[in-house]
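Novice: I need the structure of the sequence given here:
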Amino acid sequence: MRRPALTAAALTGALALTGALALAGCSGSGTDAEPDAGSGKAKLSVSSPYMPQPVSADMAAGFLTIANDGGAGDELTGVSSEVAGQVTMHSTVGGAMAEKSSFAVPAHGRLVFRSGGDHLMFEQLTRKPRQGQTVTVKLTFAKSAPLTVEMPVKSATYNPSTGH
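Specialist: Numbering: from 1, shown residues only. The predicted structure is shown next:
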């Protein structure tokens, strides 16, 4: 059985089509792998979450950083956890603590919850978290999908800058 030979024109057309398809597959689409700063969407991620082991049986604090690598701001509007009846957000300015209903997460910026500053309060604890355990936290935003974070429980005196 003899196969028909490809003509130069047919071969050139096939190579051009193959090249075009390969290039189409390589074009950026603004997915999670490559943030598209011009997309007008927030691209949120969480780092450095931790909860110092609470000293009281009914209340604990939590800390984390929310980064926004996207081209639009968002707003943290709520926090919940199975370990607490409620989780509230607090700002600390000049040593005065005030509960807030939301926090801005600016485009290309960060929202930092840290000891001595803005922080989360876990109130009405259903159990007292112990060092070495993790606490599941759900973060709710005005525009973006919720994020679920596993927050490790550290020693009561844990200092993130030293790791101890």
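Novice: okay, now residue 119: neighbour count?
Specialist: Look at residue 119: counted by other Cβ atoms under 10 Å, it has 19 neighbours. Where C-beta positions appear, they are placed from N, C-alpha and C, glycine not excepted.
Novice: For it, which residues are in contact?
Specialist: For residue 119, the contact set (Cβ atoms under 8 Å, 6 or more residues apart in numbering) comprises 61-63, 89-90, 92, 113.
Novice: Now that we're looking at it, what pLDDT does it have?
Specialist: Residue 119 carries a pLDDT value of 97.
Novice: Worst mean pLDDT across the helices and strands of the chain, which element?
Specialist: Ranking every helix and strand in the chain by mean pLDDT, DSSP states H and E puts helix 8-26 at the bottom, with a mean of 35.
Novice: any idea which residue sits dead centre in this structure?
Specialist: Geometric centre of the chain, nearest residue: residue 45, 2.3 Å, by Cα atoms, centre = their mean.
Novice: Which secondary structure elements does whichever strand or helix holds that one sit against?
Specialist: Under the criterion DSSP states H and E, the helix or strand holding residue 45 is strand 44-52. For strand 44-52, the packing partners by 3 or more Cβ pairs under 8 Å, 6 or more residues apart in numbering; DSSP states H and E come out as strand 59-68, strand 134-141, strand 147-154.
Novice: just those: most buried one?
Specialist: Sort the helices and strands packed on strand 44-52 by mean neighbour count, taking mean count of other Cβ atoms under 10 Å, and strand 59-68 sits at the top with a mean of 20.
Novice: That one pairs with which strands, and in what direction?
Specialist: Using DSSP bridges, the neighbouring strands of strand 59-68 in the sheet come out as strand 44-52 (antiparallel), strand 109-113 (antiparallel), strand 119-125 (antiparallel).
Novice: how about the nearest residue to residue 41, chain neighbours excluded?
Specialist: residue 70 (5.0 Å; Cβ to Cβ, 6 or more residues apart in numbering).
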